[in-house]
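Undergrad: Structure, please.
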Amino acid sequence: MPAFEYRGLNKTGKNIKGNVEAENIKSAKIKLKRDGIYVIDIKDKKAQEAKKNASSFRIGSGVNVAEMAMMTRQLATLIKAQIPLVDALAALVDQVENEVLKGAVSDIRQMVNEGSSFHRAIGKYPKIFPVIYITMCEAGEATGTLDLILIRLAEFTEKQNSLRNKVRSAMMYPMLMGFFGFAVLIVIFVFVIPQITKVFEEMEKALPWYTVLLIDVSNFIAEYWHVLTMSIIGAIIMFVKWKSSPTGRTHWDGMKMKIPIFGKLMRMVAVSRFAKTLSTLLAGGVPMLNAFDIVKNVVDNKVFEKVINEARDNVSEGESVAGPLRKSGEFPPIVIHMIAIGEKTGDLENMLAQVSEAYDFQVENAISGLTSLLEPIMLISMGLIVGFIVFAILVPILEMSTIA
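TA: All right, here's what the predicted structure looks like:
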């Protein structure tokens, strides 16, 4: 039975504190009133402890996507088994390991127990539960299909997390190779070449142009490394500020999709995210206009956001979704064709789901191809750079040996 921590006044007006066990806060107040205690404040003890533990190391929301998906699926399973929502949430408090999420679920259980709707309760935690989650739960409560909505949300969250991880993995390899390659070159130019230069100075012999170029670059880096470091940091700061501005963000999102190789992948990810999110919302009973308001934020691309806004305006005027998508030129023809068919047949959410599945498959293939393509490109590039350095150093040394 839940325990509640209370603060109140007894019959003599003396302040007292203590704990009481009851089914809910209302029952606890009635129980204390019978004991002659006027309640000033009463709180769920377990919820307070969970909140206290969570606040000690919270960073951002403090909850990752995988933990959210697992919690959502567990809640859906409990509700589908005809377990009352309050009891299901109470069971989740014991199941969830993340202290931040545990504190939120405990507090949500208390709010629901006091008469709040589930979607309003989770709405108190916008950093943990995104707008799509809250909106779909509201639709699920209104239609009595909260268990089905939660299952869709769990599947949606898991697929989005899987797609995000695959894209990150594809991007991580070239970034790591580039970073370590750059670090190796800096060590060569700053520490290795200056030592070899001393040998060349003792030779008192004209050096090839490529060796002179290598030595000049090495000397420049060794002498002005602090200026170069500050310039790189300054450029990164300026880029981040520019990208954060509305104009800069729009231009950057457009430029990303024009980058060779990577641009096509980013466009496919954006299309997949658009189709999957809109399909999930429509299947969950969310009105079309509200769904578009959510989708434009989930896509996280200003170019697509503009197109989605235009599509929303079209729908609000009684026109089609496919029209603005076709005019924008950002969506592939096959996607527009399938959306148009879905609108005509009244089965738009199913068509969007098929688009999403098809593009998820294409993204996986593109990532596999990208990884297999980037590996030899990066290795060949690094090999050519290191080969040039070795050639520029060894040729004068070999000539010196021959003369000797």
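Undergrad: Who are the contact partners of the most centrally placed residue in the chain?
TA: If you average the C-alpha coordinates of the chain and look for the closest C-alpha using CA atoms, centre = their mean, you land on residue 164, 7.1 Å from that point. When the contact criterion is CB atoms under 8 Å, 6 or more residues apart in numbering, the partners of residue 164 are residue 65. No exception for glycine: its C-beta is placed from N, CA and C like everyone else's.
Undergrad: After the strand or helix carrying it, which helix or strand is next?
TA: Per DSSP states H and E: residue 164 is located in helix 146-187. Per DSSP H and E, the first helix or strand lying C-terminal to helix 146-187 is helix 193-203.
Undergrad: on that earlier part again, report the angle between the helix holding residue 164 and helix 193-203.
TA: Following axes from the mean of the first three to the mean of the last three CA atoms, to 10 degrees, one obtains 20 degrees for the angle between helix 146-187 and helix 193-203.
Undergrad: Residue 386 and residue 184: what is the separation?
TA: Residue 386 sits 8 Å away from residue 184 when distances are taken as CB to CB, to the nearest Å.
Undergrad: let me redo that: residue 74
TA: 47 Å.
Undergrad: So which of those two has more stuff around it?
TA: In terms of neighbours (other CB atoms under 10 Å), residue 74 is the more surrounded of residue 74 and residue 184; the figures are 17 against 13.
Undergrad: Give me the contacts around the helix or strand where that one lies.
TA: Under the assignment given by DSSP H and E, the secondary-structure element containing residue 74 is helix 65-80. Contacts of helix 65-80 with the rest of the structure, by CB under 8 Å, 6+ apart, involve 85, 87-89, 91-92, 95-98, 101, 105, 128, 146-148, 150-151, 153-154, 157-158, 160-161, 164.
Undergrad: Kindly recompute the last result at 7 Å.
TA: Under the contact criterion CB atoms under 7 Å, 6 or more residues apart in numbering, helix 65-80 has outside partners 85, 88, 91-92, 95-96, 98, 101, 146-147, 150-151, 153-154, 157-158, 161.
Undergrad: With stretch 16-29 instead?
TA: 1-8, 10, 31-32, 37, 39, 42, 45, 113-114.
Undergrad: Next, count neighbours for residue 176.
TA: The burial count for residue 176: 11, using other CB under 10 Å.
Undergrad: Distance of it relative to residue 359?
TA: Distance check for residue 176 against residue 359: by CB to CB, it reads 27 Å.
Undergrad: And for residue 387?
TA: In this structure, residue 387 and residue 359 are separated by 40 Å, where distance is defined by CB to CB.
Undergrad: Neighbour count: the two, which is higher?
TA: Taking residue 387 and residue 359 together and counting by other CB under 10 Å, residue 359 has the greater number of neighbours (25 against 11).
Undergrad: Next, the contact list for the closest residue to that one other than its chain neighbours, please.
TA: Across the structure, with CB to CB, 6 or more residues apart in numbering as the measure, the residue nearest residue 359 apart from its sequence neighbours is residue 272 (3.8 Å). Taking CB under 7 Å, 6+ apart as the contact definition, residue 272 lies against 163, 356, 359, 360, 363.
Undergrad: okay, the angle between the helix or strand residue 272 falls within and helix 146-187?
TA: In the assignment (DSSP H and E), residue 272 maps to helix 262-283. With the same axes, to 10 degrees applied, the angle from helix 262-283 to helix 146-187 works out at 170 degrees.
Undergrad: right, and the helix or strand after helix 262-283?
TA: Once helix 262-283 ends, the next helix or strand along the chain (criterion: DSSP H and E) is helix 288-299.
Undergrad: so what does that following helix touch, helix or strand wise?
TA: Helix 288-299 is packed against helix 131-143, helix 262-283, helix 302-316, with contacts defined by 3 or more CB pairs under 7 Å, 6 or more residues apart in numbering; DSSP states H and E.
Undergrad: possible to save these as CSV with mean pLDDT and distance to residue 256?
TA: Shown next, in CSV, are the helices and strands packed on helix 288-299 (pLDDT from 0 to 100; distance: least, CB to CB, whole Å):
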stretch, mean pLDDT, distance to residue 256
helix 131-143, 86, 23
helix 262-283, 86, 5
helix 302-316, 88, 9
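Undergrad: Could you say which of these is packed most deeply?
TA: helix 262-283 (a mean of 22; mean count of other CB atoms under 10 Å).
Undergrad: starting at the chain centroid, how far to that helix?
TA: Counting by CA atoms, centre = their mean, to the nearest Å, helix 262-283 is centred 14 Å from the centre of its parent chain.
Undergrad: separation between residue 103 and residue 110?
TA: Taking CB to CB as the criterion, residue 103 is separated from residue 110 by 11 Å.
Undergrad: Give me the more crowded residue out of these two.
TA: More crowded of residue 103 and residue 110, by other CB under 10 Å: residue 103, with 26 against 23.
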